[in-house]
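S.K.: Below is the sequence, then the predicted model.
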Amino acid sequence: MSAEHHHEHDLPFWRKYVFSVDHKVIGVQYTVTGLLFLFFGFCLMMIMRWQLAYPLEAIPVIGTWLSQSMVDADGVLIGDGYNALGAMHGTIMVFLGVVPLAVGGFGNFVLPLQVGAPDMAFPKLNMASYWVYLVGGIVMLIGFFVPGGAANSGWTSYTPLANIATTGQTVWLFGMVLLITSSLLGSVNFIVTTVQLRAKGLSFFRLPFFVWAQFVTSFLLLLAFPPLEAAGVLQLMDRLADTSFFMPTGLVVSGELQESIYSGGGSPLLWQHLFWFLAHPEVYVLILPAMGILGEVIACNTRKPLWGYKSLVYSAIFLGFMSFIVWAHHMFMTGMGTTLSTFFQATTMIISVPSVIILTCFIISLWNASIRYNTPMLFALAFLPMFAIGGLTGLPLGLTASDIHLHDTYYVIGHFHYVVAPGTIFALFAGVYHWFPKVTGRKMSEFMGKLHFWPSFVFINAVFMPMFFVGMAGVLRRQFDQTEQLQGAVVHGLTIMSSWGAWGLGLAQIPFIINFFWSIRKGEKVGDNPWEATTLEWAAPSPPPHGNFETVPVVHCGPYEYSVPEKKTDYCPQNVVMEA
Amino acid sequence: MSDVAIPHDMEPHPLTGMYNGKFGIWLFLASEVMLFGALFSTYVLLRVGAPEGTWPMYGQEITTGNQILNVSLAFVNTLVLITSSVTMVLSWAALKMNNFAKGRMFLFITFALAGVFLVIKFFEYKGKFTHHQVVLKEPLGVDGEKVITSKTDKGERKIAVVNGHAENFGTWEEDGYLLIHSDPTESHDHSHELKIEADKIKRATRWGPNASTFLATYFTLTGLHGIHVIGGMVVILYFVLTGASDWKKRPEKYINRIECTGLYWHFVDLVWIFLFPVLYLL
């Protein structure tokens, strides 16, 4: 290995840090890009919140800077601009922010280390996957500069609305095709690495839960994304070659029959089937890696083995499997028929079981533990109730009867944001604080971390909790001006509260940004294993060199051997033979 | 290159019995199955849901693709692709027998056969794009037009269509009329020259993707398959050209690469074997 270390220093800067094939550099590239996109997507939402709280008032400060496709001359947001912000907020947060961060970032950096591999199975493919992702992201952003502005048919791009939308939608589709290609390359790499590159002694049931979560996620990405790619191609054909895959016979747009352009005979519902066939597994792509991170952080900071490790693993696998047959619970209101609805209602109820098992295992893991309340653990602990709220509020949406009232209201927005924002994103923050010492050799500041956590925790609830009440009052989502609706005017105070919560949440991220950059340079220097953790990544030097391990690790025990009685230390690393 | 030695890059993993590349290509093919699976499902759903008299084209009573597609060309193409799959295997087998020259020759033949496939496909496409379809607002009662009565939930409606070669396809809207040599129909066995007033026309298109949902499906599926063929050709040509030096340095690695390329190529072949009956025969 040492010969390779020397070799590494010979590489020119651009091969070492830009077009690198090293999984750790690629992981960091993914993480930084993902965080930037998250921040950008968050900014779009803060503009939307102004229009919601103070409809048709000029946006302060930045109003007049925005392009003419977004605002009028006075800096008041226009309807099309609002729609573009909504569509792009969803797209960016899901496809450019959370997934690249959770899978591309954490998966790339941590997974090969945790399985004891020198790198990913296909390092060049890994590099290609990052660059295709970046180009896809840039293509998405180009949408803002084309005539008519960015895609404005919602992140779901429902047809036939999206078929007749402005050029931005075409750009969106090209961007999506690139992003799908990127995640395809990534998922092949993850699966092969997990199966083929495990260190000696690291059997499947000695894999850390994080690896299991990434492994299942990769299968979802591999098998669920291609149908959306197919759907994207079909919609591109509809838009560019005037085909009618999603154009029904006799469609009227703005009072004009479309029969002279389109042959008709297509099915708008087909798009929804293809889209949700991806987008429901996508929900688990968002949540599983977060649960994986949680497993690592909780086991380490409770100094106890995870309770029910095997139940966790089987639940994750079952979750992955079931996620392929629940998609149409997003479509109860489309008139697809009660028989189908009943089937998907049943599978939806079934899929909540493994989620509950996973959450229960994590909660029981806390029982009787001497918990270390450091920043990663605080985020992980906050995840538990927040995800529980998100999950429980999902049940009424999965039941056809109650969905009739709640469908397409702010209740839905509140529900899935509780899962993804204080759920997944909190877990991602936990991961950043937890693995920062491995990446840089320095810890992030605990004080700043707590300054980040507590305000975030308070504000994020101020944003999303009111949405449940607004939604139950009947206020529809995707409305440019909700006070035009009677109920919208009645509960407007809650909407204003949400908005102020969002801006407060924005401010609460400042300590994180400062902490992140400050700690790279000035953070407290730590050794290879500052958290006294057991999994293999902590056996490598911090930061790990090219090729990762100084000696090829051999695994002797399971992933979470904490507080084993009659041992010298309260943790037994996987690569160390346990001494009594 | 700053290569770290990756385990199982060459030697099979005991659990899977495959080296990394082979495992990877199988996973990739799994995702391809999902891609084409979604498109085939689209075909099924659209065909089942097609309004009466619109599948495969407007004014058709019988609903199979062979009425408008060229089955014999596609049949030849099927043979060409199957042969190319055989030569692909022969190439790998020759390399395994340590015969590089023969292996490369078969690889090149595979490439050439893929080229033949695309050339035939080009003529098939061209035949469609130079043909026209005119959907009329209501039947004119002239020879050369096809009329079908279709039942909808709003009652009966008549779909009247003229297919053929339009003289002034590009300019008919300005001319005020469309001049078309109609195809023979079931009731009229020879072509007619028809002059149709512009205000009688609902829409006039090439037999391109926008003519009907069937043609849209046909062009999308075969087009996507064609892109896969082109992708395969690029890879095969690359291994033909760089083979000599690769073979000298790491023959084992080269053989593995050809094996993976072969797996992909058989898949492309297999997709066509599904496409042929589904689009042309059923």
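M.R.: Received the coordinates, thanks.
S.K.: distance of residue A:427 from residue A:473?
M.R.: Separation of residue A:427 from residue A:473 (CB to CB, to the nearest Å) stands at 31 Å. C-beta here means a position set from N, CA and C on the backbone, and glycine is covered the same way.
S.K.: no no, residue A:355
M.R.: 28 Å.
S.K.: Likewise for residue B:217?
M.R.: 45 Å.
S.K.: what about these two, which has more around it?
M.R.: Higher neighbour count among residue B:217 and residue A:473: residue B:217, with 26 against 17, using other CB atoms under 10 Å in any protein chain shown.
S.K.: By mean pLDDT, point me to the weakest helix or strand of the chain.
M.R.: I'll assume chain A. Scoring the helices and strands of chain A by mean pLDDT, DSSP states H and E places helix A:2-10 at the bottom, with a mean of 49.
S.K.: my bad, the chain I had in mind was chain B
M.R.: For chain B, counting by mean pLDDT, DSSP H and E, that's strand B:146-152 with a mean of 81.
S.K.: residues of that one that come out buried?
M.R.: B:146, B:147, B:148 (16 or more other CB atoms under 10 Å in any protein chain shown).
S.K.: I figured the first one hits residue B:164, correct?
M.R.: When you say that, I think you mean residue B:146. No: if you go by CB atoms under 8 Å, residue B:146 and residue B:164 don't touch, sitting 10.8 Å apart.
S.K.: Could you point out the longest helix of the chain?
M.R.: Looking at chain A here, since you left the chain open. Counting residues, the longest helix found in chain A (DSSP state H) is helix A:268-302.
S.K.: ah, no, chain B please
M.R.: Counting residues, the longest helix in chain B under DSSP H turns out to be helix B:213-249.
S.K.: what's whatever helix or strand comes next after it packed up against?
M.R.: Following helix B:213-249 in sequence order, the next helix or strand is helix B:251-275 (DSSP states H and E). Helix B:251-275 sits against helix B:20-48, helix B:71-96, helix B:100-129, helix B:213-249, with contacts defined as 3 or more CB pairs under 8 Å, 6 or more residues apart in numbering or on different chains; DSSP states H and E.
S.K.: Any idea which of those gets closest to residue A:255?
M.R.: Residue A:255 sits nearest to helix B:213-249 of all those, at 24.7 Å, using CB to CB.
S.K.: Just give the number of residues close to residue 208.
M.R.: You didn't pick a chain, so chain A it is. Count around residue A:208 with other CB under 10 Å applied: 28.
S.K.: that's the wrong chain, I meant chain B
M.R.: Counted with other CB under 10 Å, residue B:208 comes out at 19.
S.K.: List the contacts of it.
M.R.: Going by CB atoms under 8 Å, 6 or more residues apart in numbering or on different chains, residue B:208 touches A:241, B:128, B:129, B:215, B:219.
S.K.: hang on, it in a strand?
M.R.: No: counting by DSSP: H, G, I helix; E, B strand; the rest coil, one finds residue B:208 to be coil, located in no strand.
S.K.: Next up, phi/psi of it, please.
M.R.: phi -100, psi -170 (degrees, to the nearest 10).
S.K.: So for it, what's the pLDDT?
M.R.: On pLDDT, residue B:208 comes in at 92.
S.K.: before we move on, the earlier item: can you put the helices and strands packed on helix B:251-275 in a markdown table and add mean pLDDT and distance to residue A:570?
M.R.: Shown next, in a markdown table, are the helices and strands packed on helix B:251-275 (pLDDT from 0 to 100; distance: least, CB to CB, whole Å):
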| stretch | mean pLDDT | distance to residue A:570 |
| --- | --- | --- |
| helix B:20-48 | 96 | 38 |
| helix B:71-96 | 96 | 55 |
| helix B:100-129 | 96 | 60 |
| helix B:213-249 | 95 | 52 |
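S.K.: With respect to residue A:433, which of these lies nearest?
M.R.: Taking these one by one with CB to CB, helix B:20-48 is closest: 33.0 Å.
S.K.: Do that closest one and chain A come into contact?
M.R.: Yes: against chain A, helix B:20-48 shows contacts by CB under 8 Å from any CB of the partner chain at B:20-21, B:23-24, B:27-28, B:30-32, B:34-39, B:42, B:45-46.
S.K.: Return stretch A:378-394 as CSV; C-alpha atoms alone will do.
M.R.: In CSV, the C-alpha atoms belonging to stretch A:378-394 read as follows (Å, rounded to 0.1, in the frame of the first residue of the first chain):
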residue,chain,number,x,y,z
LEU,A,378,-29.1,15.5,19.5
PHE,A,379,-30.0,15.5,15.8
ALA,A,380,-30.5,11.8,15.9
LEU,A,381,-32.7,12.0,19.0
ALA,A,382,-34.8,14.8,17.4
PHE,A,383,-35.3,12.6,14.3
LEU,A,384,-37.2,10.0,16.3
PRO,A,385,-40.3,12.0,17.4
MET,A,386,-40.2,14.1,14.2
PHE,A,387,-40.2,11.0,11.9
ALA,A,388,-42.9,9.5,14.1
ILE,A,389,-45.1,12.6,13.6
GLY,A,390,-44.4,12.4,9.8
GLY,A,391,-45.2,8.7,9.7
LEU,A,392,-48.4,8.8,11.8
THR,A,393,-49.9,11.7,9.9
GLY,A,394,-49.3,9.6,6.8
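S.K.: Run the chain-centre distance for it.
M.R.: 15 Å (CA atoms, centre = their mean, to the nearest Å).
S.K.: Chain A: strands as residue ranges?
M.R.: For chain A, the strands defined by DSSP state E cover A:252-253, A:256-257.
S.K.: among those strands, which gets the worst mean confidence?
M.R.: strand A:256-257 (a mean of 85).
S.K.: Identify the residues contacting that one?
M.R.: Residues from elsewhere that reach strand A:256-257 (CB under 8 Å, 6+ apart): A:250, A:251.
S.K.: for stretch A:205-216, same thing?
M.R.: A:103, A:106-107, A:110-111, A:114-115, A:190-191, A:194, A:198, A:284, A:288-289, A:291-293, A:295-296, A:299, A:306, A:309-310, A:312-313, A:316-317, A:319-320, A:535, A:555, A:557-560, A:574.
S.K.: what do you get for stretch B:35-44?
M.R.: With contact meaning CB under 8 Å, 6+ apart, stretch B:35-44 is reached by A:226-227, A:229-231, A:234, A:245, A:270, A:274, A:277, B:217, B:220-221, B:224, B:271, B:274, B:278.
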